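Novice: following is a predicted model, sequence given first.
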Amino acid sequence: MSVLNKFLGSPKEIEINGEKITIHPLKVKDLGKFSNTKATDEEKSNLAKEMITLSIPETTMEEVDKLPVEVFTKIMEEINKLNGFVDEDIDKIKLERRLRQQGGSYAK
């Protein structure tokens, strides 16, 4: 057993809409994919979908594409928490959704 083995992250079980799923932490080898700070909105969306497929290995991109935005957002929040990430885009989506429900909008 490697000395670094004890630092490997453990999977976490989460519950969304009454369903339990297990998410896995990302590996260092995957981090480079998510460091493009100049990504377009479409690239960011594809990266977020890829992050879900890496965190939930049995998931396909097609399944992720079919998720309701609310479920997608909750899963991304949990993945970000597990990996210690802050995701401003997810925060913007949540804020926009709240503002729409209140009759306003977020323009930035």
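Specialist: Good, I have the coordinates. Numbering: from 1, shown residues only.

Novice: what helix or strand is the residue nearest the centre of the chain on?
Specialist: Compute the mean C-alpha point of the chain, and by C-alpha atoms, centre = their mean the closest residue is Met76, 2.4 Å away. Following DSSP states H and E, one finds Met76 within helix 69-83.

Novice: quick one: the helices in this structure?
Specialist: 28-31, 41-55, 61-65, 69-83, 88-101 (DSSP state H).

Novice: how about those in a markdown table, adding mean pLDDT and distance to Leu4?
Specialist: No exception for glycine: its C-beta is placed from N, CA and C like everyone else's. Below are the helices of the chain laid out as a markdown table (pLDDT from 0 to 100; distance: least, C-beta to C-beta, whole Å):
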| stretch | mean pLDDT | distance to Leu4 |
| --- | --- | --- |
| helix 28-31 | 84 | 10 |
| helix 41-55 | 91 | 20 |
| helix 61-65 | 95 | 30 |
| helix 69-83 | 91 | 17 |
| helix 88-101 | 67 | 30 |
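
Novice: take these and lay them out in JSON lines including distance to Ile14.
Specialist: Output for these, formatted as JSON lines (distance: least, C-beta to C-beta, whole Å):
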{"stretch": "helix 28-31", "distance to Ile14": "19"}
{"stretch": "helix 41-55", "distance to Ile14": "10"}
{"stretch": "helix 61-65", "distance to Ile14": "15"}
{"stretch": "helix 69-83", "distance to Ile14": "5"}
{"stretch": "helix 88-101", "distance to Ile14": "15"}
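
Novice: right, and the ones you listed - which one's nearest Leu8?
Specialist: Proximity to Leu8 (C-beta to C-beta) singles out helix 28-31 among the helices of the chain, at 10.6 Å.

Novice: so what touches the closest one?
Specialist: With contact meaning C-beta atoms under 8 Å, 6 or more residues apart in numbering, helix 28-31 is reached by Leu54.

Novice: how about stretch 10-24?
Specialist: By C-beta under 8 Å, 6+ apart, stretch 10-24 touches Gly9, Pro25, Leu54, Ser55, Ile56, Pro57, Val71, Lys74, Ile75, Glu78, Ile79, Leu82.
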